[in-house]
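Asks: What follows is a predicted structure for the sequence shown.
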Amino acid sequence: MADRPVHTVHTVNTDMHIAIQVSQTDPRPMYLQIKEQLRHRIAVGELKPGAEIPSIRALAVATRVSVITIKRAYLELELEGVILTRQGRGCFVADNANLGSHLQLQELDQQLAAAVHTAALLDIKGEALVERLRELERRLHKSQS
Amino acid sequence: MSTPLLANAFSLQGVSKTFSYFKLESLTLSLPQGQIMGLVGPNGAGKSTTIRLLMGLAAADGGTIEALGYRIPKQVEEAKRAIAFVSDDMRLFPGATLAWHMRFVASIYPAWDQMYAEQLLKRFNLRPPQSVAKLSRGEHVKALLLLALARRPALLVLDEPTSGLDPVARHELLTELMEIVADDKRSILFSSHNTQDVERICDQIAFIDRGRLVDSRDKEAFLERWRRISVDVPTGVVLPRLADVVDLSLGERVAMLTTDNYLPQMHALLEHGGARVRDVQRMSLEEIFVACVMRSRAQEPS
């Protein structure tokens, strides 16, 4: 054989360390765990708008999770406008200065929606629910002061 | 050895093989390049037979087999230069050391990567002067894996690679397998009954049982389609008949449905008649595998 093999196995960019852990005891599917951890890092500002994030394959190697699972997480984040993948140039956090606070509000809404759902099962609605939230807020402030 | 751009790392089309006590029936299966496929099945399902046919170690009775673009078994010698294969029952030369085996494999395969081999020695906790006869079972498997990985194969075929490995070695192996597909031209086929390993690192999954392909698709599609739905059924309420229900266990007030084609619309259909959906659960690959096999066996002509 005349042509030598090209060893491109270590293409993982180790400068872009993102500590993402996938747990097999977490009831959420793996693609969702990855998605939510990336969103959270963007929400809290650890990943800034426009910042480069690992490629699909690089994150697959780093997390030891199949390429197809990372691909799905990235695809959904891209559809939600959270990240951008540019063919041949890499993957980036969307360049939107308000993205972090926007995602934090979304996280809050998700948690509130879960609370509304649980409250409905207990037949707590409308003003009664709001009052409960106010009461909870007062208690939290008290315990912190 | 250049790695050509191929659509499929391998493909089997209508492959069959009959033994006196076992029959592999019209197996059609392919793996896109750059991906990992897990071949999952109970003992005696035909996993090893499938792999042996792909490796040209046995001749099929019918069908066509291609690996890395080469026809098998006709061009098996060409294909084997870029395919590495490890199975549980392979034996190294007991009188020689690991270092001797490394030199031997390096002399045959020009793609041998000595630096990588040395990294693997450390990661797998192996020592080159070790005599093969003195290796434990786990060390023997790790030595075989090292000799295969350091060849930098375009297609790596592993028959039950994680059986006999301790948890640390298994972790190291899965890491190495993922490193291989960091390069989108390298592919891996491995058989296993450890569905946890398969669920984590495989892109494609094929279930086989009793010589038949039970189901095969990409992992995300598998996990997305299967659900277990528990439904409260008040007295007097009749549960509507739904399509795509693989298993139904009816209690007096509670029903448990298993579906292989979950759609959110199912909630409305179930609740229309007065039943109430209490919980919808995703299933692990192991649960999906068992449900698939049970269904396939139920449909088998006896």
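Replies: Okay, I see it. Numbers count the residues shown, from 1 in each chain, chains lettered A, B, ... in the order given.
Asks: The residue of chain B positioned farthest from its centre and residue B:33: what is the separation?
Replies: Here chain B reaches farthest from its C-alpha mean at residue B:236, the gap being 46.1 Å by CA atoms, centre = their mean. According to CB to CB, to the nearest Å, residue B:236 stands 57 Å off from residue B:33. C-beta here means a position set from N, CA and C on the backbone, and glycine is covered the same way.
Asks: quick revisit: list the contacts for the residue farthest from the centre of chain B?
Replies: residue B:274 (CB atoms under 8 Å, 6 or more residues apart in numbering or on different chains).
Asks: Residue B:198 - how many residues pack around it?
Replies: By the measure other CB atoms under 10 Å in any protein chain shown, the count of residues near residue B:198 is 25.
Asks: Can you pull out the low-pLDDT segments for the chain?
Replies: The chain I'm using is chain A. By pLDDT under 70, the low-scoring segments of chain A are A:1-17.
Asks: Wait, chain B was what I had in mind.
Replies: Low-confidence segments of chain B, defined by pLDDT under 70: B:1-5, B:301-302.
Asks: Which residues of it lie near chain A?
Replies: Within reach of chain A by CB under 8 Å from any CB of the partner chain, chain B has these residues: B:1-3, B:34-36, B:81, B:110-111, B:113, B:116, B:152, B:174-175, B:178-184, B:186, B:196, B:199-204, B:218-220, B:223, B:282.
Asks: Can you select the buried ones from those in ChimeraX?
Replies: In ChimeraX, a selection of the buried entries from the residues of chain B next to chain A looks like this (16 or more other CB atoms under 10 Å in any protein chain shown):
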select /B:1,3,34,35,36,81,111,113,116,152,174,178,179,180,181,182,183,186,199,200,201,202,203,204,218,219,220,223,282
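Asks: can you give me the strands for chain A?
Replies: For chain A, strands defined by DSSP state E occupy the ranges A:52-53, A:83-86, A:90-93.
Asks: Dump those strands to JSON lines, plus distance to chain B.
Replies: JSON lines is the format used below for the strands of chain A (distance: least, CB to the nearest CB, whole Å):
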{"stretch": "strand A:52-53", "distance to chain B": "16"}
{"stretch": "strand A:83-86", "distance to chain B": "15"}
{"stretch": "strand A:90-93", "distance to chain B": "15"}
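Asks: how about the helices of chain A, start to end?
Replies: In chain A, the helices defined using DSSP state H lie at A:30-43, A:56-63, A:67-79, A:99-121, A:126-144.
Asks: winner for burial among the ones you listed?
Replies: Stretch with highest mean neighbour count among the helices of chain A: helix A:56-63 (a mean of 22; mean count of other CB atoms under 10 Å in any protein chain shown).
Asks: Now do it: everything it contacts.
Replies: A:11-13, A:16-18, A:20-22, A:34, A:53-54, A:66-67, A:69-71, A:74, A:85, A:91, B:178-179, B:181-182, B:184.
Asks: swap the cut-off to 6 Å and go again
Replies: Contact with helix A:56-63 is made by A:12, A:13, A:20, A:22, A:67, A:70, A:71, A:74, B:178, B:179, B:182, as judged by CB atoms under 6 Å, 6 or more residues apart in numbering or on different chains.
Asks: Take the helices of chain A and write them to JSON lines, including distance to residue B:160.
Replies: Below are those laid out as JSON lines (distance: least, CB to CB, whole Å):
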{"stretch": "helix A:30-43", "distance to residue B:160": "23"}
{"stretch": "helix A:56-63", "distance to residue B:160": "23"}
{"stretch": "helix A:67-79", "distance to residue B:160": "23"}
{"stretch": "helix A:99-121", "distance to residue B:160": "42"}
{"stretch": "helix A:126-144", "distance to residue B:160": "54"}
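Asks: Compare those and give me the one nearest residue B:99.
Replies: Smallest distance to residue B:99 across the helices of chain A (CB to CB): 29.0 Å, for helix A:56-63.
Asks: how about the helices in the stretch 201-302 of chain B?
Replies: In the stretch 201-302 of chain B, the segments counted as helices under DSSP state H, counting those that start in this stretch are B:219-225, B:265-272, B:285-299.
Asks: So which of these is the most surrounded?
Replies: helix B:219-225 (a mean of 19).
Asks: Show me what it is packed against.
Replies: Packing partners of helix B:219-225 (3 or more CB pairs under 6 Å, 6 or more residues apart in numbering or on different chains; DSSP states H and E): helix A:67-79.
Asks: No further queries at this time; thank you.
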